[in-house]
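S.K.: could you work out the structure for the sequence below:
(one chain, ligands or ions: 1)
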Amino acid sequence: MSTPLLSIKDLSKSFVMHNVNRRVMGCQHISFDVMPGEFVGITGRSGSGKSTILRCIWRTNLPESGSILYDSAAFGVVDLCTAPERQMLYLRANEMGYVSQFLNVLPRQTAYDIVLKSALETYGVERMEEAREHTERMLRHFDIAENLWELFPRTFSGGEKLRLNIAAAMIKRPRFLLLDEPTASLDNASKVKVRELIEQLKGEGTTMLGIFHDLEFMEGLCDREFNMQSGVIV
Ligand SMILES: Nc1ncnc2c1ncn2[C@@H]1O[C@H](COP(=O)(O)OP(=O)(O)OP(=O)(O)O)[C@@H](O)[C@H]1O
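M.R.: Residues are numbered from 1 along each chain as shown. The predicted structure is shown next:
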């Protein structure tokens with residue numbers, strides 16, 4: 001039996017809203033494992049706590065209690081709840097990827113540079129030509145029109161931003177990829193392209209944990225599926 005790539009134990013996160021003196025539950029007592037190469041899907045109603053789990057793994061939410069053991073290539077098993085920030089930065093840059101519904105990039109970076117920067121994390125500047133070729137392939141794969149490549153994505157449509165986001169996350173070929181509704185607001189043709197790339201990554205052994213509303217999209221894609229209700233897995 002191999003070691004899980006990710007092992008979440010008794011994870012809880014709530015949010016304290018000081019202005020209204022209220023505590024909102026994000027997720028409660030969550031435990032599950034993700035094995036290497038596995039694709040695990042999380043479904044559940046809006047507000048049930050799915051994204052909270054992903055943000056705790058990515059550590060944009062600081063977990064309250066529990067542990068998230070990640071078997072990293074660089075450091076061995078690391079608890080993402082308590083890992084030093086420098087270690088988190090390394091893992092985010094080199095081993096983990098996160099696709100959210102929102103594009104979160106530095107201002108004044110062109111669409112092309114966003115994807116290229118991500119490619120360079122894998123290729124390194126010494127393989128600039130290959131990184132550029134791969135960047136262009138990715139932009140074309142996701143139908144980002146060539147006349148948009150040198151623009152800042154601030155003005156892009158929701159779907160264009162999302163496709164750019166996916167291109168930048170997937171070009172790194174992370175060994176562990178978090179997907180937070182990667183097909184929200186995409187048309188069918190784009191959904192098919194995302195699916196194709198997910199299948200390709202899966203074939204290459206990438207481990208993935210994804211949230212999907214679109215159950216049709218998940219059909220045959222996930223190895224296992226969890227359903228969440230009110231912060232807990234049911
Ligand atoms: N930063 C935050 N501050 C306060 N409350 C939050 C915060 N983030 C999430 N919550 C609350 O935690 C609960 C779970 O939110 P979460 O985003 O995890 O749900 P979700 O299942 O991913 O929903 P959706 O499918 O709509 O994206 C919600 O009630 C939400 O209002």
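
S.K.: could you list the low-pLDDT ranges of the chain?
M.R.: 1, 102-106 (pLDDT under 70).

S.K.: repeat the analysis, applying 80 as the threshold.
M.R.: Residue ranges of the chain with pLDDT under 80: 1, 100-107, 158-159, 184-185, 214-215, 217-218.

S.K.: kindly report the residues of it close to the ligand.
M.R.: Residues of the chain lying close to the ligand (CB under 6 Å from any ligand atom) are Phe15, Val24, Gly26, Gly44, Ser46, Gly47, Ser48, Gly49, Lys50, Ser51, Thr52. Heads up, the C-betas are built off the backbone N, CA and C, glycines and all.

S.K.: mind putting these into TSV with secondary structure?
M.R.: Below are the residues of the chain next to the ligand laid out as TSV (DSSP: H, G, I helix; E, B strand; the rest coil):
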residue	secondary structure
Phe15	strand
Val24	strand
Gly26	strand
Gly44	strand
Ser46	coil
Gly47	coil
Ser48	coil
Gly49	coil
Lys50	helix
Ser51	helix
Thr52	helix
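
S.K.: distance to Leu62 and neighbour count for the residues you listed - can I get that in CSV?
M.R.: Converted to CSV, those look like this (distance: CB to CB, whole Å; neighbours: other CB atoms under 10 Å):
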residue, distance to Leu62, neighbour count
Phe15, 11, 12
Val24, 15, 13
Gly26, 11, 23
Gly44, 22, 19
Ser46, 23, 7
Gly47, 20, 14
Ser48, 20, 20
Gly49, 15, 24
Lys50, 18, 25
Ser51, 15, 21
Thr52, 11, 25
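
S.K.: Asp71 belongs to a strand, doesn't it?
M.R.: Yes. According to three-state DSSP, Asp71 belongs to a strand.

S.K.: count of neighbours near it?
M.R.: 18 (other CB atoms under 10 Å).

S.K.: repeat for Pro4
M.R.: Neighbour count for Pro4, taken as other CB under 10 Å: 18.

S.K.: leaving out chain neighbours, which residue sits closest to it?
M.R.: Computed as CB to CB, 6 or more residues apart in numbering, the closest residue to Pro4 that is not its neighbour in sequence is Asp33, at 3.9 Å.

S.K.: next, find the distance separating the one you found from the ligand.
M.R.: Counting by CB to the nearest ligand atom, to the nearest Å, the separation of Asp33 from the ligand is 20 Å.

S.K.: Glu95 too?
M.R.: From Glu95 to the ligand the distance is 23 Å (CB to the nearest ligand atom).

S.K.: give me every residue that touches the nearest residue to that residue once chain neighbours are set aside.
M.R.: Closest residue to Glu95 apart from its sequence neighbours, by CB to CB, 6+ apart: Arg175 at 5.3 Å. Arg175 makes contact with Leu5, Ala73, Glu95, Met96, Gly205, Thr206, Thr207, according to CB atoms under 8 Å, 6 or more residues apart in numbering.

S.K.: list phi and psi for the second one.
M.R.: Note on Ala73: backbone dihedrals following degrees, to the nearest 10 are phi -70, psi -30.
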